[in-house]
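Participant: Here is a sequence together with a model predicted from it:
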Amino acid sequence: MQLALVFSGPGRIVRDRTCGDLRGMQSRRGVKGETMSKLSARLPVLLSMLVAAAACTGGSQYAYADCTGTAPNFECSGSSGAQTIKADNATVETLPGFSVSATDKTALAISGKGQVSFSDANASSLTSVLETALSVSSTGNDGSTPGGVDVTTNGSLSGGIGIDATNYGTGALSIDALGAIEGTSGNGITALNRNANGGALSIVSQETVVAKRTGISATNYGTGPLTIDAGAGVSGETGIQAVNRGSGTLTVDTHGPVSGTLYNGITATSYGTDLSITTEDAISGAITGIKASNFGLGSTRIETGGTVDGLSAHGIEAINENANSNSLTVITKGAVTASQTGISATNHGKGPLTVQTMSAVSGETGIDAASEGAGSLSIDTGGTVTGTSSNGITAETYGTDLSVTTKDTVTGARAGIAATNYGTGTLTIDTRGDVTGTSGSGIQASNTAGTDLSVSTAGGTTVSGQTGLIANNGGSGALNLDIAGNIEGTAAEGISAANSGTTSTISTQSGSSVRGATTGMRTVHDGSGALALDIAGTLEGLGGEGLYATSSGPEAIALNTTGNISGTTDGVYLGHGGGGAINVDIGSGSIVSSSGTGADDFAIETSGGRTNLVVKGTLNGGAGGAAKFDRSEINAFSDRMELHPTAAVTGKVLAGPGIDTLAFAGGGHGTFDLDDIDTGDRTKQFQEFEIFQIDSGTWSFDGTTPYTFTLNGGTLKGTGTFGELISNGGTISLGNSIGSMTINGDLTLSRGSVFEVEVDANGRNDTAIVNGAVNLTGATLRVLAKKGSYRTRTNYTIIQNDGSDAVNGKFAKLETNYAFLTPSVVYDGGDGNDVVLTLLRTVVPTTTGGSGGGGGASGPGGVTYLSFCSVAETKNQCNVAEGLDAFPADNALFYSALTQTEEGAREAFNALSGEIHATVAGTLVDDSRYAREAVMGRLMQANHRGGALGSSGPIVASYGNQAMMLGGLDLYDGKALLDAPAPLAFWTQGFGAWGDFGGNKNAASADRNLGGFISGMDADVGDSWRVGVATGASFSDVSVDQRYSTANVQSYYLGGYAGGMAGDFALRGGGLWAWSEVDTSRAVVFPGFYERQNASYDADTGQLFGEVAYPTQMGGFDLEPFAGLAYVSVESGSFKEKGGAEASLRGKDVSQDVGYTSLGLRAAKTVMWGNTAVTPHVEAAWLHAFNDVTPDASLAFATTGTGFDVSGVPLAEDSALLDAGLDFAVSDRLSAGFSYSGQFADNVSDNAVKGRLTWLFN
């Protein structure tokens, strides 16, 4: 049975005194129908209340109740002292003006079974100096009604404890604090959800929460989630403490600063599932900033948006304690500082551990992360990381993969980064900022039982420590190091690497640097795969080897370097204990023993394997020499050293006791002194090599060697002396230019080999002096004849054999670089066993003989020689070549052409052609257009006086009439002239043009620059006709760059014109004659020949032209469609060039007749711009050329009179003409204008600018 006691009147209140107001107590109602008359059993209680009432006499003050209502609903108003409400399922609400101020009692205490609620929407103030400001508790379930607590405050609360909420029921506990909360001697907010079957616990604070002890303390034993959302600052000895002992999640969100002045800023402990902490502002703790411990089965996530500071321990400490828990994630956006560890994260669970930072992290250890469960570990830092007394980053995993990525500097008093994988996965480190380990390693990476280990460093960064980088892979996978930055070992190695897995690959990028106080790089490879070293940067050992590498595996060691490796002892030491090969390729870089003074100090030293050393760069040895291969008599490896033309080797090379090869290969041209080779003489540079061969490249050998050289490819040149020379597909090019080579043994040229000799017109040639047998079994003889005038037969001894040895076999093929000369060889010349070469003019096989047909040129005795035209590729080339074919055999120019290669011959034909003379004629035809357009423009202007189209003509000075001002606003009606005719007008127009005339497969391109003017005077004849005369001059430069030719042309014009109206049509026409002076200059240049030729001659250009137009208007525009016709004839005079004696030309009188038709449209419109009349105008037309559009010239060689025709660059047959300009009236007597004119076709681009000025006279 329950009894609900209420007070009539103001309400049920216990004042903050020893006595309360009990007047008017009555049985308002009972529980389960009971009344006061049935409560005889409770009389002692009632009596005690009466006694208490009797005791309140005298000075006692009786307060009026502030909370009224009928249970379970109460309303609180007014102001009073401490108040207590006890009612099951109590719902307490405030009215405006309610406040409580108490001293040593709880200001407002509400309790009862069931759902107990307090709601303040009126900013009520609750204050208790020593006790709790607001206490709300549910003592348990009320029958079927779950016990729960719901608190909403809107005003400020201050007490020893600000809010104390407890729920023993199975319902939820919720606190929504909208005002400031203060706990002066205890917690700001205390919340306890005690029932193991309880629901959620939720705390929301909108304003600051300040406490002596804990700002917000929440403990949940229920099954629901525990949630804290702090919207403003929270502070206390502990800022926030959240404990979830139930099975739900724990979530802490803070939006303001949180500080723990004696303990932690935030402490969160969960035995449920997920734990999540999210902050947006600064977090600080006297011990740890944020501490999160998850003993449950879920995941843990911490994400900070502001700074985090742990003054005496960690900045962030996060741990997943349960082996069956999931992931642990720490993400920081603000700086994290700590006395001990900036971020400490440990995951015992099966999920991944992730640490991601975006700002600085610092502490004795910057970041300490350990995955001790089955998951992976990933660290990604975006800001600096500093370990003031230990490592910058410590990372360990017993799970799977471990990865560390840094994007800013990492500094550790010990190691910069120390990462160890004890698990089954990979270890990856990627640094993009500097890493420093002051008393330890810059990076220390160890994979004890995993798979691959990979470390990469970015360009422009530095990793430094006593050892710069330590990488030990004890796992089953590969070791990969990719160094793009700088590695510095201040007390030991720059890089120390070991691998017992599979392959090892170490690469340094171009621009990188690895330097060690002892050895630059030391690597021990015990893996089952190959050891690959690719050095493109600088590698330096300041107290030992630049590179020290050993392998005990079965695969090869491969070193490729385009960088620079140096050591104070050996530059490089490579040792193989597994018997595999040692392959070294020194590219464009170098290997140097920089200060090696010991007898065993070499640029490179190898042992334990067959060495294949390729040298393209620099090998600079110490006191011992440049290179030393394995010297063990037991191994007796067959080593190989390959020199390229770019190689520079300083110091001795000591080959091993096996059969060793010195090979020459590569592209380019190298030189070598044969005196540096000896198998037994210790003073020689290259010692104990037995096989000498050329594999590729071009090599010049001087000096003497008794050994056999074999050519497997490439080219051997020089004047050296060999013991025996064998070519198995290579090229022997005797001498350096013309010279001799000596073979003291046999000379053998196998099939596919080339024997190359140079000869000149003076009878000198390359020679092989052979003191043994000569074996020519299918080789090719290639003859390189120098420039010169060769006689009919000249003998050259190319192989001079000794008197007793035979010449075996013959050349299978004879080649020459000349297009018109053929080598002939005898093998029993000289003293009977010499090989003798004769050059003869190439003969074309013929059965009829002597006619010169079929691509041949007639020779004596009916012989037909290969004609010059046979190698020509254009008509001009062939015409010139046929002229040369008719030259006498003793002519110097003929011999210059005869001794050309095919390409040289074509250059000669082009140079001799005189093509400029034909091209100039074509430009004279094309340039006639500018004079013609000036005259036609004046006639159009005269037709359109006062109209817009009348502005686009030339400069006009009018006598006695001002009506011809440009830009007049009166518009032409298309039928009669608007203005009265001027008695006499003088006009002029200037023009400047630059044109490109594209060549074709015959003639070369030409450029032309032109400037000039046309002036005239005209008068009216009859009612609508105008007749006048014109004169002018122009100057042009023509260049044909591919033929090294130029021309200067000066032209002078005289002509007449007439125009007028015939009904609705305008008729215009005229004629002009031009006298031109042409000066040409050309350089005749081809291999072995140079002359300069000049010529001067006259040319005349006559032209007749006309057009019909239909002037009209449309939409305010003056329009004029038109059609035109022109005929141009150019007559060029004869000439004889002056200059060199051999290549001068004569020219005959030639003519060129070209017709033009045109069809187009003109448009103009006059507008006012302020007080100025402005006329834009445009003309577009199609121009078609016909008849002699390709200019020709008839020329002849001056020395022989042999003639030929040549064509110049063709004119455009169809092109577009465009003219656009702007004219404006400066005054009533002065007008100005300018325009652009262009001609565009497939092979022609001609641009011009015209200027006009009109001045009207009286």
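Facilitator: All right, it came through fine. Bear in mind that the values here come from a model prediction, so they are computed numbers and not experimental data. Numbers count the residues shown, from 1 in each chain.

Participant: Ala908 reaches Phe1086, doesn't it?
Facilitator: Yes - using C-beta atoms under 8 Å, Ala908 and Phe1086 qualify as a contacting pair, with a distance of 4.0 Å. (Each C-beta comes from the backbone N, C-alpha and C, glycine too.)

Participant: So between these two, which is more surrounded?
Facilitator: Looking at Ala908 and Phe1086 with other C-beta atoms under 10 Å, you find the greater number of neighbours at Ala908, namely 26 against 21.

Participant: So the more buried one, which state does it fall into?
Facilitator: Three-state secondary structure (criterion: DSSP: H, G, I helix; E, B strand; the rest coil) places Ala908 in helix.

Participant: re the thing from before, common neighbours of Ala908 and Phe1086, please.
Facilitator: Ser896, Gln900 (C-beta atoms under 8 Å, 6 or more residues apart in numbering).

Participant: Determine the longest helix present in this protein.
Facilitator: Of all segments of type helix in the chain, defined using DSSP state H, the longest is helix 915-943.

Participant: which residues does Asp1188 contact?
Facilitator: Applying C-beta under 8 Å, 6+ apart to Asp1188 gives the contacts Gln1152, Asp1153, Val1154.

Participant: In strands, which of those residues appear?
Facilitator: Of the positions in the contacts of Asp1188, Gln1152, Asp1153, Val1154 sit in strands, assigned by DSSP state E.

Participant: So for the residue nearest to Thr462 when sequence neighbours are not counted, what's the pLDDT?
Facilitator: Of all residues not flanking Thr462 in the chain, Asn486 sits nearest, at 4.3 Å (C-beta to C-beta, 6 or more residues apart in numbering). Among the per-residue scores, Asn486 holds a pLDDT of 97.

Participant: One more: Glu1131?
Facilitator: 96.

Participant: So which bits of the helix or strand hosting it are buried?
Facilitator: Mapping Glu1131 onto the secondary structure by DSSP states H and E places it in strand 1117-1132. Of the residues in strand 1117-1132, those scored as buried under the neighbour-count criterion (16 or more other C-beta atoms under 10 Å) are Asp1118, Leu1119, Glu1120, Phe1122, Gly1124, Ala1126, Val1128, Ser1129, Val1130, Glu1131, Ser1132.

Participant: possible to save the residues you listed as CSV with distance to Thr127?
Facilitator: What follows is those, written out as CSV (distance: C-beta to C-beta, whole Å):
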residue, distance to Thr127
Asp1118, 97
Leu1119, 97
Glu1120, 101
Phe1122, 104
Gly1124, 108
Ala1126, 112
Val1128, 114
Ser1129, 119
Val1130, 116
Glu1131, 122
Ser1132, 119
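
Participant: which of those lies closest to Gly713?
Facilitator: Lowest distance from Gly713 to the buried residues of strand 1117-1132 (C-beta to C-beta) belongs to Ser1132, with 58.2 Å.

Participant: Run through the bridge partners of that closest one.
Facilitator: Counting by DSSP bridges, Ser1132 forms beta bridges with Ala1099, Val1150.

Participant: so what's it up against?
Facilitator: Ser1132 makes contacts with 917, 920-921, 1078, 1097-1099, 1147, 1149-1152, 1193, as judged by C-beta under 8 Å, 6+ apart.

Participant: what's the nearest residue to the residue sitting nearest the centre point of the chain if we skip its chain neighbours?
Facilitator: The geometric centre of the chain, computed from its C-alpha atoms, lies nearest to Gly459 (C-alpha atoms, centre = their mean), at 14.9 Å. If you skip the residues right next to it in sequence, Gly459 has Ala484 as its closest partner in space, 4.2 Å away by C-beta to C-beta, 6+ apart.

Participant: number of nearby residues for the one you found?
Facilitator: Ala484: 20 surrounding residues under other C-beta under 10 Å.

Participant: Show the backbone phi and psi for it.
Facilitator: Phi and psi for Ala484, reported as degrees, to the nearest 10, are phi -110, psi -10.

Participant: surely it meets Ser512?
Facilitator: Yes - taking contacts as C-beta under 8 Å, Ala484 lies within contact range of Ser512: 5.5 Å.

Participant: which neighbours do the two share?
Facilitator: Common neighbours of Ala484 and Ser512, using C-beta under 8 Å, 6+ apart, are Thr457, Gly459.

Participant: just the buried members of the ones in strands among the contacts of Asp1188?
Facilitator: Applying a neighbour-count criterion of 16+ other C-beta under 10 Å, the buried members of these are Gln1152, Val1154.

Participant: out of the ones in strands among the contacts of Asp1188, who's nearest Gly730?
Facilitator: Nearest to Gly730 among the ones in strands among the contacts of Asp1188: Gln1152, at 58.0 Å, using C-beta to C-beta.

Participant: Contacts only, for the closest one.
Facilitator: Contact criterion C-beta under 8 Å, 6+ apart gives Ala921, Gly922, Val925, Ser1129, Val1130, Ser1132, Asp1188, Pro1191, Asp1192 as the residues in contact with Gln1152.

Participant: Tell me the one of those nearest Met1061?
Facilitator: Each of the contacts of Gln1152 was checked against Met1061 using C-beta to C-beta; the closest is Ser1129, at 30.1 Å.

Participant: can you tell me which residues contact that closest one?
Facilitator: Ser1129 touches Thr1101, Gly1102, Gln1103, Ser1151, Gln1152, Asp1153, Val1154, counting by C-beta under 8 Å, 6+ apart.

Participant: And Leu47, what's its pLDDT?
Facilitator: Looking at Leu47, its pLDDT reads 26.

Participant: cool, the one 4 residues further on as well?
Facilitator: At Val51, the pLDDT value in this model is 27.

Participant: same check, this time on Ser27
Facilitator: 29.

Participant: isn't Asp482 right up against Ser512?
Facilitator: No - here Asp482 lies out of contact with Ser512, judged by C-beta under 8 Å, at a distance of 9.7 Å.

Participant: Show the low-confidence segments of the stretch 851-1000 of the chain, by residue range.
Facilitator: For the stretch 851-1000 of the chain, the stretches flagged by pLDDT under 70 are 851-862, 945-983.
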